[in-house]
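Asks: got a sequence here, can you model it:
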Amino acid sequence: MKTYLYLILAAFLLNGLLSTSLQAQYNATGWIAQPDELSSFRYLPGRLNLGEKTFAVSFANPYFYVGQNMAGIGDAMKLFDGKLSAAERKQEWRNMAGELKSTNRVGALAEAFPLAIAFRLGKDSPITFVATTEVKAGMALTFNDNMGRLIMTGNKGFEGQTVDLGDKLRFRAMALQAFGAGINWQVIGEPGDALSLSVGGQLKFLQGYLGADLEMNQASLYTSEPLMRWEYDYTMHTAGLDNRYEDSRGISGSGIGADLGATLGLGENIEISASLTQLGAIRFTKNITNYRGRDAFDWEGVESNEFLDFDSYNVDSIFDRLKPTESYSGDFTLNIGPKALVHAVYRIPASGSNDFDRHRIGLSWVQGLSQGPFTTTMPYVVGSYVFRPVGALGIGGSAGWGGFSGISFGLLLAVDAGPFRMGFGTQHILGGLLSSGTATDLNLSFDFVF
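Replies: The predicted model follows:
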């Protein structure tokens, strides 16, 4: 039997996306490095603590993440090693295909919080008022092992079988900006008391620049020499991706969002915070292009003789057959990736001083509540440790598992210099420095407290 290569994922996703001229992971460092500061309010809105200060400003706070759970960066780079023969390179490719998971995840996120302000009406006031801004863009893709192996090695291994390609195929993407207003209220006691409780939250006005949502109802393949039998049924909604609209790069939708949280303190050592963040959705009503594909047909495929020899493939006929029906009306709604976070900390203050913690040991659990453009429903658990040799400097590390990319190890740095606060770190040092990592990310936070 011939070996066939069929780019079904590209057909379902790219055929719709390219016709429109289309151009996290969870930031645990953001709430571990500087947990009391305004820059952490977006993760733990119940945790904000200005101490004796009455005003804080936070700016920039960029974060980016790219990750997947399929292969280490080093394994992927082997494919481009000029020392490998064509046969060796092809074998490496097949090895990667054999290690695909039942659910494969790819995620990417870039976000920034250009400006946030917090203030109290006097240092004894229990209420802190907060205003925030936010911009972010991200995507999340999941697919099953059958889809991955078909893309990577063709359909030869499926001879005589009907395989499901679409049961886990989901793609969502979004770019938005948000404007928030909220409070943090110290309801009981003060941090360090035998019992303390603070609650917080914000309401956000959301504006969506672009959105994409792929709904795969069915995708299956039956292979029998000399033909393949394809059946598929999908719908893809997009907004802000089609150049036919004069304002296609403008605002395409709006919505309301919210972040909620609470922090419970038990003496000077134990603190437990919980939050529900990124609640809400954007309804896209402008610059809409919908793609509808549904068909069942036989195809004889294209023969693949060389590793990644794409130039030798003529797939125009199949792309023509898969070309979806387009429509330009209606609306659709995308949630912004609601997630739950629980963060428990054991604090050991510096001897003879309550000004800072010498040691801070933390355990966090994050659960995405839906598969969205910024979240996955795969939970993420991370343990952390931060040591402050002096009050102005904190260094630490973390180890986690789950989310988009599985195992993670991180490093972080916290600096306090007078009114200035900075947090810097990564949860994915393996991806940044070592070839075995499956992701890379970087977080920066800047705060001034007066």
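Asks: and stretch 370-379, C-alpha only, in CSV?
Replies: Extracted in CSV, the C-alpha atoms of stretch 370-379 (Å, rounded to 0.1, in the frame of the first residue of the first chain):
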residue,chain,number,x,y,z
SER,A,370,-13.5,25.9,30.1
GLN,A,371,-11.4,25.3,27.1
GLY,A,372,-10.9,28.9,25.9
PRO,A,373,-8.3,31.0,24.1
PHE,A,374,-6.4,31.6,27.3
THR,A,375,-7.1,28.4,29.3
THR,A,376,-7.2,24.7,29.3
THR,A,377,-9.3,22.4,31.4
MET,A,378,-6.2,20.4,32.4
PRO,A,379,-5.5,21.5,36.0
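Asks: can you give me the buried ones in it?
Replies: Applying a neighbour-count criterion of 16 or more other CB atoms under 10 Å, the buried positions in stretch 370-379 are 370, 371, 372, 373, 374, 375, 376, 378. Where C-beta positions appear, they are placed from N, C-alpha and C, glycine not excepted.
Asks: hmm, who's touching that stretch?
Replies: 24, 105, 107, 109, 136, 138-140, 142, 170, 172-174, 211, 278, 334-339, 365-369, 402-404 (CB atoms under 8 Å, 6 or more residues apart in numbering).
Asks: just checking, which helix or strand of this protein averages the lowest pLDDT?
Replies: Here the helix or strand of the chain ranked lowest by mean pLDDT, DSSP states H and E is helix 15-18, holding a mean of 34.
Asks: pretty sure residue 90 is in a strand, no?
Replies: No: remark: residue 90 does not belong to a strand; assigned using DSSP: H, G, I helix; E, B strand; the rest coil, it is helix.
Asks: what's the burial count for it?
Replies: For residue 90, the neighbour count with other CB atoms under 10 Å is 17.
Asks: from residue 152, how far out is it?
Replies: 10 Å (CB to CB, to the nearest Å).
Asks: again, but for residue 119
Replies: Relative to residue 152, residue 119 is positioned 55 Å away (criterion: CB to CB).
Asks: same question for residue 379.
Replies: Separation of residue 379 from residue 152 (CB to CB): 28 Å.
Asks: one more: residue 227?
Replies: In this view, residue 227 and residue 152 are 22 Å apart by CB to CB.
Asks: ok, now residue 107?
Replies: 20 Å.
Asks: who has more neighbours out of those two?
Replies: A side-by-side neighbour count of residue 107 and residue 152, using other CB under 10 Å, places residue 107 first with 26 against 15.
Asks: spit out the contact partners of the more buried one.
Replies: By CB under 8 Å, 6+ apart, the contact list for residue 107 reads 24-25, 65-68, 138-141, 376, 403-405.
Asks: and of those, the nearest to residue 239?
Replies: residue 139 (14.2 Å; CB to CB).
Asks: the closest one sits in which helix or strand?
Replies: Applying DSSP states H and E as the criterion places residue 139 in strand 127-144.
Asks: what strands flank that strand, and is each parallel or antiparallel?
Replies: For strand 127-144, the paired strands and their directions (DSSP bridges) are strand 103-112 (antiparallel), strand 115-119 (antiparallel), strand 170-188 (antiparallel).
Asks: the next helix or strand after that strand - contacts with which helices or strands?
Replies: Helices and strands here follow DSSP H and E; after strand 127-144, the next one along the chain is helix 145-153. Judged by 3 or more CB pairs under 8 Å, 6 or more residues apart in numbering; DSSP states H and E, helix 145-153 is in contact with helix 8-9, helix 86-98, strand 162-164.
Asks: can you redo those as JSON lines with distance to residue 272?
Replies: Shown next, in JSON lines, are the helices and strands packed on helix 145-153 (distance: least, CB to CB, whole Å):
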{"stretch": "helix 8-9", "distance to residue 272": "42"}
{"stretch": "helix 86-98", "distance to residue 272": "42"}
{"stretch": "strand 162-164", "distance to residue 272": "43"}
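Asks: most tightly surrounded among those?
Replies: Using mean count of other CB atoms under 10 Å, the stretch among the helices and strands packed on helix 145-153 with the largest mean neighbour count is helix 8-9, at a mean of 20.
Asks: give me the low-pLDDT residue ranges for this protein?
Replies: Applying pLDDT under 70 to the chain picks out residues 1-26, 73-77, 79-82, 248, 301-319, 353-354, 431-437.
Asks: quick one: the helices in it, in order.
Replies: With helices called from DSSP state H, the chain shows them at 8-9, 15-18, 29-32, 73-77, 86-98, 145-153, 316-322, 429-433.
Asks: which residues in the stretch 301-450 of the chain form strands?
Replies: Assigned by DSSP state E, counting those that start in this stretch, the stretch 301-450 of the chain shows strands spanning 325-327, 332-335, 339-349, 357-368, 380-390, 393-402, 408-417, 420-426, 439-449.
Asks: to residue 44, which of those strands lies closest?
Replies: Between those, strand 339-349 lies closest to residue 44; by CB to CB that is 6.3 Å.
Asks: buried residues, that closest one. List them.
Replies: 339, 341, 343, 345, 347, 349.
Asks: what's the angle from it to strand 357-368?
Replies: In terms of direction (axes from the mean of the first three to the mean of the last three CA atoms, to 10 degrees), strand 339-349 departs from strand 357-368 by 170 degrees.
Asks: next one: residue 417 from residue 381, what distance?
Replies: 33 Å.
Asks: quick one, which of these two is more surrounded?
Replies: When neighbours are counted by other CB under 10 Å, residue 417 and residue 381 differ, and residue 381 comes out ahead with 16 against 9.
Asks: just give me the neighbour total for the spatially closest residue to residue 203 that is not a sequence neighbour.
Replies: Closest residue to residue 203 apart from its sequence neighbours, by CB to CB, 6 or more residues apart in numbering: residue 258 at 5.5 Å. Neighbourhood size, residue 258 [other CB under 10 Å]: 17.
Asks: list the beta-bridge partners for the residue nearest to residue 298 when sequence neighbours are not counted.
Replies: Excluding the flanking residues, the one nearest residue 298 by CB to CB, 6+ apart is residue 227, at 4.4 Å. Going by DSSP bridges, residue 227 is paired in beta bridges with residue 224.
Asks: same thing with residue 183?
Replies: Under the criterion used here (DSSP bridges), residue 183 is bridged to residue 129, residue 201.
Asks: wait, it touches residue 127, no?
Replies: Yes: Residue 183 lies in contact with residue 127 (CB atoms under 8 Å); the separation is 5.6 Å.
Asks: any idea which of the buried residues of strand 339-349 is closest to residue 47?
Replies: Checking these against residue 47 with CB to CB, the nearest one is residue 343 at 8.1 Å.
Asks: show me what contacts that closest one?
Replies: Taking CB under 8 Å, 6+ apart as the test, what residue 343 contacts is 31, 35, 44, 272, 273, 274, 362, 363, 364.
Asks: how far away is it from residue 152?
Replies: Noted for residue 343: a distance of 39 Å to residue 152, by CB to CB.
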